[in-house]
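Engineer: Need coordinates for the below:
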Amino acid sequence: MAWAQSAQTGAAADALHRNYAVSLEQYNRYAQWNLRGVDGSRGVVFGLRDDERVDDLQLDLAYRYSPALLQELSHLNVVLNGEVIASLPLPGRPSDEANRAQVVLPLAHLQPYNFLELQLIGHYTMGCEDPLHPELWANIDASSRLLFDVERLVLPDDLGLLPSPFFDPRDVRGLEVPFVLGRPSDKRLEAAGIVASWLGALSGYRGARFTALSDEIPQQGHAVIVLGANESLPGITLPEAEGPTLAMRANPHDPAGKLLVITGRNDDEIRSAAASLALGAQALSGPTATVAEVQGVPRKPYDAPNWLPADRPVALGELLPLREFTVSGYEPGPISVGLRLPPDLSDWRTKAVPMNLLYRHSAIDADDGATLDVLVNQQRVQHIELADNEENARRLLARDGSALKQKVFLPLSMLESQAELQFRFHYRPPFHSECRGSLIDARRSAIDPRSTIDLSGLPHHKAMPDLAAFSTSGFPFSRMADLSETAVVMRTDAHESEFAAFLTLLGRMGQATGHPATGVTVQRDTAGVADKDLLLIEAGTRSETLSGWDRYLPLPERTATSRSAADAGIGGWIGALAERLARSPLRSSFARPIAAPADGAYVAGFQSPMQRGRSVVVVAGADGAGLQAAVESMIADDVQSKRLQGSLALVREGRIESLSSSKSYYVGNLSFYQTIAWFMSRHPLLLFVVYLLGAVLIAIVLYLSLRARAQRRLRAGSSDSQ
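Structural biologist: A predicted model of the protein is given here:
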């Protein structure tokens, strides 16, 4: 008996124990650190989860260094929260040989958020030396990582902990949460989608993936349960619902796992409970809570919290914490600002976005060789010389002498739906001869948070379909942040794979917009959703809905006769005619509709057959595994997701292949006169014909007018002669 109890206790302890690794690249995109000089350093911030206790933490470090460094005087310091915890010797060896070392981080120094710094102490001679000599270098490889050995904590059943433990902002790993759905109705699927998009919005850059289970609680970890009051699961007692209800329960298979239960007396109350959770209308506490119905604020097009507003100038201080606008050193790291723009901004009339840049620096004169580069997605768009005569003149004329102002124009073509704006300061190190002591690096540089980017006046107008916009931003569905103009259509016999794809895609849209999908509609057919954009998700045999729309599906370019709607002149007219033919019933006589390859899937976009200007996106797999693999490639693989473009793409064996780039319709809000001007700008031959007809018409009017005038004169002359 004692042996059995001991074995049970040991099994429970093993269930609570966990090992995992997190690369430094996940904490910092620029994890390839280049340390330069006699005292070069770089660092990264990492956090510890609330629901874990660290038993052991090690730094697995990969690095290279200059072969000219003296072993007796050179070393690499590992600094944790300001204290040196290890010094790694740098013995002489070839610089192309990678070195690995494991450093134990003392638990007593750990805090909820920690700063890990690597510092090079380098010397190349026993005598006098140049502190900025090119032989003084060490590179930290991106494969360096932190190795966690933790014990998972058993937390109380308290809704006040939310969103923990399902999401912890200190954890930079991707979010993975299973959903238990039973046999869900449309309303329950909407409830699950709301929660998935809420978690996706919280996950941010980490990303989120979700799986779906019917009536099985996961054996380990946390899960979300969406069930009705009359349903049950083995091993767990569901709360008795007296309205929209939320509850926190322990996972019966895992002592540290938590189950978030969303339930109600009917499907409407279940959906209301999910919306209340996502919108955070009231403070939650205790193991169970009956929540009031929440009416969210009506959303407007393009008002997603994560998107730059297109109706006013936006200060950079709204996009980044203030402390990150200041850097130090002769060659400081870049100041990076992430930008999310509405994907349908048109560059028809405006080719660049104005930015009023305010900056500060510590260069004294032009001899300092100081510069500021403005980059978009690693491409330089402007180079500014600091402390030159032009800048000194601007400083004298400026009202605020502490900040310099520069007008910068950012090419709209480079500002993708996800773009990175960077500012790089550089100072030429002063000449420092040997035997002059250490070099004091007191350079400070800053971008003023009051700097603004102005998207005002840019029209929303985009050629569709565009699967790239769907993959990166969930467009056109994310045009309304709450997805209130979106309907998701699934088959009546949809299975767990389709539910999982639905949840993961809604999580992706929540990540793009920063807002839960509280307005999404889920249906098993297309009745009553003509005024919405449609997302069709299915696996296996083609549904009746999709079969009826075969003639609208785009064809691969090798067989399609359609051309881009943006083609100009005669070619544009021919392309439009071919597109109409391709949409006609005659199409079935010369082309087969696209089908998902074995163990794969396809993604297609086309204009809704039910209403012009509305879009349909189809994500269809040959089977459940193919569908899940396709969604995984779209969500988790940055390289492959960039290949999802145009109107049609195949996904198989983890690779995405774009088959058609044709665009057959437009969405946006150009005014009547803007539409005419845009159309004419895209069809110059037609514009020439219009001008020619106008000239002929004016000539005819003038001819008739002059002829009538001449006849009047003749009649007047004949009257005078008589």
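Engineer: use CA for all of it now, contacts and neighbours both
Structural biologist: Noted.
Engineer: Skip the chain neighbours and tell me the closest residue to Glu240.
Structural biologist: Ala229 (6.9 Å; CA to CA, 6 or more residues apart in numbering).
Engineer: residues touching that neighbour, list them.
Structural biologist: Ala229 makes contacts with Leu238, Glu240, Ala241, Thr263, Gly264, Arg265, Asn266, as judged by CA atoms under 8 Å, 6 or more residues apart in numbering.
Engineer: Sort out for me which of the residues you listed are in strands.
Structural biologist: Among the contacts of Ala229, the ones falling in strands (DSSP state E) are Thr263.
Engineer: Arg18 belongs to a strand, doesn't it?
Structural biologist: Yes. Under DSSP: H, G, I helix; E, B strand; the rest coil, Arg18 falls within a strand.
Engineer: For Arg524, see how far away it is.
Structural biologist: 41 Å (CA to CA, to the nearest Å).
Engineer: Then Val631?
Structural biologist: 20 Å.
Engineer: Domain boundaries for this structure, per the record?
Structural biologist: 18-152, 159-290, 313-429+440-454, 461-584+593-668, 683-721 (automatic domain parsing).
Engineer: Between the two ends of the longest one, what distance do you get?
Structural biologist: Just to be clear, that refers to domain 461-584+593-668. 4 Å.
Engineer: residue ranges of the helices in the stretch 51-200 of the chain, please?
Structural biologist: Remark: helices assigned in the stretch 51-200 of the chain by DSSP state H, counting those that start in this stretch are 186-203.
Engineer: I should have written the chain there, sorry.
Structural biologist: Secondary structure of the chain by DSSP state H: the helices cover 2-16, 24-27, 186-203, 267-279, 389-397, 467-473, 496-513, 544-548, 569-583, 624-636, 638-641, 672-682, 684-721.
Engineer: surely Pro206 meets Glu176?
Structural biologist: If you look again at residue 206, you'll see it is Arg, not Pro. No. Contact criterion CA atoms under 8 Å: Arg206 and Glu176 do not qualify, at 10.2 Å.
Engineer: In terms of neighbours, single out the busier of the two.
Structural biologist: Neighbours were counted for Arg206 and for Glu176 using other CA atoms under 10 Å; Glu176 has more, 19 against 16.
Engineer: And for the nearest residue to the more buried one once chain neighbours are set aside, the neighbour number?
Structural biologist: Leaving aside its sequence neighbours, Glu176 sits nearest to Arg209 (CA to CA, 6+ apart; 5.0 Å). Per other CA under 10 Å, the neighbour tally for Arg209 reads 24.
Engineer: and what of Glu632?
Structural biologist: Neighbours of Glu632 (other CA under 10 Å): 18.
Engineer: Contact partners for it?
Structural biologist: Taking CA under 8 Å, 6+ apart, one finds nothing in contact with Glu632.
Engineer: all numbers from here: first residue = 34
Structural biologist: I'll keep to 34 as the first residue from here, and by that count the last item is Glu665.
Engineer: Tell me how far Gly329 lies from Leu279.
Structural biologist: 18 Å.
Engineer: So between the two, which is more surrounded?
Structural biologist: The residue with more neighbours, out of Gly329 and Leu279, is Leu279; 26 against 13, by other CA under 10 Å.
Engineer: Just list the residues touching that one, thanks.
Structural biologist: Leu293, Val294, Ile295, Thr296, Ala306, Thr321, Ala322, Thr323, Val324.
Engineer: between those, which is nearest Lys438?
Structural biologist: Ala306 (49.9 Å; CA to CA).
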